[in-house]
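Engineer: Okay, sequence plus prediction incoming.
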Amino acid sequence: MTAEPNFVLDLTLALGTSAMGGYIAHRLKQPALLGYLLTGLIIGPFGFGLQTDVEQIQALAEVGIAFLLFALGVEFSLTELKRVKAIALQGSVLQIGLTTLLVASVSLLSGSARTPLQGIFLGLVLSLSSTAVVLKTLTERGETSTVHGQVMLGLLIAQDLALGLMLALLPVLNQPDAVGLALGLALLKILGFLAGAIALGRWVVPRLIQHIAATESSELFLLTVVALCLGVAWVTSKLGLSIAMGAFVAGLMISEIDYADQALGKILPLRDTFACLFFASIGMLIDPVLIFHNLGTILELVALIMVGKALVILPIVLGFGYSLNTAVKTSFGLNQIGEFSFVLALGGLEMGLITENRYTLLLGTIAISLMLTPLWIALAPRMVDLLHRLPMLKEILNRAEEPKLLSVPADLRDHVIVAGYGRVGEVLVNVLLSRGYSVLVVENSETAVQRLRNRHVPLVPIPFVYGDADNELVLDKTRLDTAKALAITLPDPATTRLVLQRALARVPDLDVIARSHTNEEIDVLTQLGAREVVQPEFEAALELGSHLLNTLGEPSLNIQAVLDRIRDDRYRTIRPVAQVGEA
């Protein structure tokens, strides 16, 4: 039995043109997913019509969503999920509820909805955000481990859970008496699924993976991981929940076991391959003619929805004690309409809750909002800076962001400031403390601060300031003028640059060492004034090379001289040729 020739051609065309679109986007310094979206538009049925079987491509795109969320589950881990559980659970209820109420009220007043039921339905459709697009954008920007990245992902996961309830309620929206029963059944399904997932994750999956790994067969390990991911995703789809939710839970099942990194390494190539099909498939839904004829209406809808959702999310994040920086980045990151809104909109069309014309306008609005998401996320740091520069807001923001959790001795001086107490920061603090140096930690994660509170060396607590390290008021509390050095170990590239600039503006001769997230950023941070820039991947390669040279008989002094030359030259001699030329 052979595959249909047209399907093979369609798949080859989708992957090949997506690669071209991603490459062009990269050369234009834009996110690759924008290239994938535009590629789908060009080759799709509303473009040049080169794609003959869009439905099969969209079916494969669902596999891309599954792999994308599975990888997130493996990387996220239950420990990290607990850090944002309050805003994920309570904040998502507020966000969905307020968005639905706002949309329903506006649509009824404007006449867009004839009945409250239609208004509520539109509100539910617009309340969802895009897990796939936001996750891909955060991954490309290296921001999945930042505070705003964790908050966004926590809210998105809760939205995926809520989608299961929405899909269960959709068929009985016209039957008020049956809503309670449908809601109860949906909750039972979710609780039953989660209970089963916890049991499998604790007693079955670890042993299964261990036995498969013992065979030392790469093929068996990969097949098992893929089957686990898609199998759990299939179960959730049959229960009326989202595929994304099932794949994410499957990733969580193995996130805490010893083979998590190996599983992640195996799944990443599949994730990237199928994820590009997902973004291309969204582009295939965009009808340029429809958008052209209704451009004014669609742009108005996009502006109203994206600004409106941002204004709903912003105070919610602030209300949970997060900084303005985190709140703005989160609100700008989640103000689009999600890919699963397509599913709800189609169900509403079949039930007569929206007209055919309204449905097509909604598709165009969703697609454009998804395409704008990477641009909004990139714009968020500039918006934070703009808000801080406005005279009328500056004093209010300064009072709001004044660090309230401080543990700084009055006589602290000649200390090393460590901005960020994540995995890298904690190791660095351990090294400094073991040698008897004074350390001051700056951290905006309550979980990390709690670890600092509970740790004493030997009987004295580690000094810390709670807040965003790039905030000027927070920096003022660190006593930069009496510090020996500043080490920036933050996971967010934009925040790293801001901390560096603002610290050196106060103390120009301060010795600053910064962690680089990309090869290109090495030169940027050096030009901004960092005394030393460390690229973790290059440092790992240098350590491996040092060991190998020692094994091959090179004298220790020669090895150290080689390493010193490479570091002094900012890794230029070991960077890829293209990157050296671009630097």
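Structural biologist: The structure has been received and is ready for your questions. These figures come from a predicted structure and were not determined experimentally.

Engineer: Go through the host helix or strand of Leu314 and flag the buried ones.
Structural biologist: Using DSSP states H and E, Leu314 sits within helix 295-319. If you call a residue buried by 16 or more other Cβ atoms under 10 Å, then helix 295-319 has these buried ones: 298, 301-302, 305-306, 308-310, 312-314, 316-318. Any C-beta I mention is one placed from the backbone N, CA and C, and that applies to glycine too.

Engineer: what does stretch 25-37 give?
Structural biologist: Neighbour counts over stretch 25-37 (16+ other Cβ under 10 Å) mark 25, 30-37 as buried.

Engineer: Which ones among those map onto helices?
Structural biologist: Those of these mapping onto helices are 25, 32-37, per DSSP state H.

Engineer: ok, which stretches of the stretch 151-300 of the chain are helices?
Structural biologist: Secondary structure of the stretch 151-300 of the chain (DSSP state H, counting those that start in this stretch): helices located at 176-199, 205-214, 218-238, 243-255, 260-284, 288-293, 295-319.

Engineer: chain center to the last one, what's the gap?
Structural biologist: This points to helix 295-319. If you compare the mean C-alpha spot of helix 295-319 with that of the full chain, they lie 19 Å apart, counting by Cα atoms, centre = their mean, to the nearest Å.

Engineer: Check the fifth one too.
Structural biologist: Averaging C-alpha coordinates over helix 260-284 and over its chain gives two centres that are 15 Å apart (Cα atoms, centre = their mean).

Engineer: Which residues belonging to it are considered buried?
Structural biologist: Taking 16+ other Cβ under 10 Å as the criterion, helix 260-284 shows 260, 262-264, 266-267, 270-272, 274-284 as buried.

Engineer: Closest one to Asp564 out of the buried residues of helix 295-319, please.
Structural biologist: Compare each of these with Asp564 using Cβ to Cβ and the shortest gap goes to Val317, at 45.3 Å.

Engineer: pretty sure that closest one contacts Ser331?
Structural biologist: Yes: checked against Cβ atoms under 8 Å, the pair Val317 and Ser331 is within contact range at 6.7 Å.

Engineer: what residues are up against the spatially closest residue to Ile87 that is not a sequence neighbour?
Structural biologist: Nearest non-adjacent residue to Ile87, counting by Cβ to Cβ, 6 or more residues apart in numbering: Phe320, 4.5 Å away. Applying Cβ atoms under 8 Å, 6 or more residues apart in numbering to Phe320 gives the contacts 86-87, 90-91.

Engineer: so can I have TSV of these showing secondary structure, neighbour count and pLDDT?
Structural biologist: Listed next are these as TSV, based on DSSP: H, G, I helix; E, B strand; the rest coil; neighbours: other Cβ atoms under 10 Å; pLDDT from 0 to 100:
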residue	secondary structure	neighbour count	pLDDT
Ala86	helix	13	86
Ile87	helix	23	90
Gln90	helix	14	92
Gly91	helix	23	94
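
Engineer: for those residues, which one is nearest Glu472?
Structural biologist: Each of the contacts of Phe320 was checked against Glu472 using Cβ to Cβ; the closest is Ile87, at 25.4 Å.

Engineer: Quick one: distance of stretch 131-144 to the chain centre.
Structural biologist: Taking Cα atoms, centre = their mean, one finds stretch 131-144 lying 4 Å from the centre of the chain it belongs to.

Engineer: what comes into contact with it?
Structural biologist: Counting by Cβ under 8 Å, 6+ apart, the neighbours of stretch 131-144 from elsewhere in the structure are 31-33, 64-65, 68-69, 72, 75, 149-150, 152-153, 156-157, 159-160, 244, 275, 278-279, 333-334, 336, 338-339, 370, 373-374, 377-378, 491-493, 517-518.

Engineer: Please, a ChimeraX command that selects the buried ones among the residues you listed?
Structural biologist: What follows is the ChimeraX syntax selecting those of the contacts of stretch 131-144 that are buried according to 16+ other Cβ under 10 Å:
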select :31,32,33,64,65,68,69,72,75,149,150,152,153,156,157,159,160,244,275,278,279,333,334,336,338,339,370,373,374,377,491,492,493,517
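
Engineer: and of the buried residues of stretch 25-37, the nearest to His388?
Structural biologist: Distance to His388 across those (Cβ to Cβ) is lowest for Pro31, with 26.0 Å.

Engineer: Look up phi and psi at that closest one.
Structural biologist: With angles defined as degrees, to the nearest 10, Pro31 shows backbone torsions of phi -60, psi 140.

Engineer: Help me confirm that it comes into contact with Gly21.
Structural biologist: No: using Cβ under 8 Å, Pro31 is not in contact with Gly21, being 11.2 Å away.

Engineer: picking up where we left off before, can you tell which of the helices of the stretch 151-300 of the chain is closest to Leu563?
Structural biologist: The closest approach between Leu563 and any of the helices of the stretch 151-300 of the chain, judged by Cβ to Cβ, belongs to helix 260-284 at 26.6 Å.

Engineer: mind listing the strands for this protein?
Structural biologist: Per DSSP state E, the chain has strands spanning 406-407, 416-419, 439-443, 464-466, 485-488, 511-515, 532-534. These are given in chain order.

Engineer: Out of the ones you listed, flag the one nearest Leu101.
Structural biologist: When the strands of the chain are compared for distance to Leu101 using Cβ to Cβ, the nearest one is strand 464-466, at 33.5 Å.

Engineer: now for the helix holding Leu314, which elements pack on it?
Structural biologist: With contacts taken as 3 or more Cβ pairs under 8 Å, 6 or more residues apart in numbering; DSSP states H and E, helix 295-319 sits against helix 92-110, helix 324-333, helix 356-389.

Engineer: Most tightly packed of these?
Structural biologist: Scoring those by mean neighbour count under mean count of other Cβ atoms under 10 Å gives helix 324-333 as the most buried, with a mean of 26.

Engineer: what's the offset of it from the middle of its chain?
Structural biologist: 12 Å.

Engineer: could you dump the helices of the stretch 151-300 of the chain to a markdown table with distance to Pro463 and mean pLDDT?
Structural biologist: A markdown table is the format used below for those (distance: least, Cβ to Cβ, whole Å; pLDDT from 0 to 100):
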| stretch | distance to Pro463 | mean pLDDT |
| --- | --- | --- |
| helix 176-199 | 39 | 82 |
| helix 205-214 | 40 | 90 |
| helix 218-238 | 44 | 90 |
| helix 243-255 | 33 | 85 |
| helix 260-284 | 34 | 85 |
| helix 288-293 | 56 | 82 |
| helix 295-319 | 27 | 91 |
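
Engineer: For Leu361, find the nearest of those.
Structural biologist: For these, the distance to Leu361 is smallest for helix 295-319, at 6.3 Å, taking Cβ to Cβ.

Engineer: Quick one: work out the angle between the closest one and helix 324-333.
Structural biologist: Following axes from the mean of the first three to the mean of the last three Cα atoms, to 10 degrees, one obtains 150 degrees for the angle between helix 295-319 and helix 324-333.
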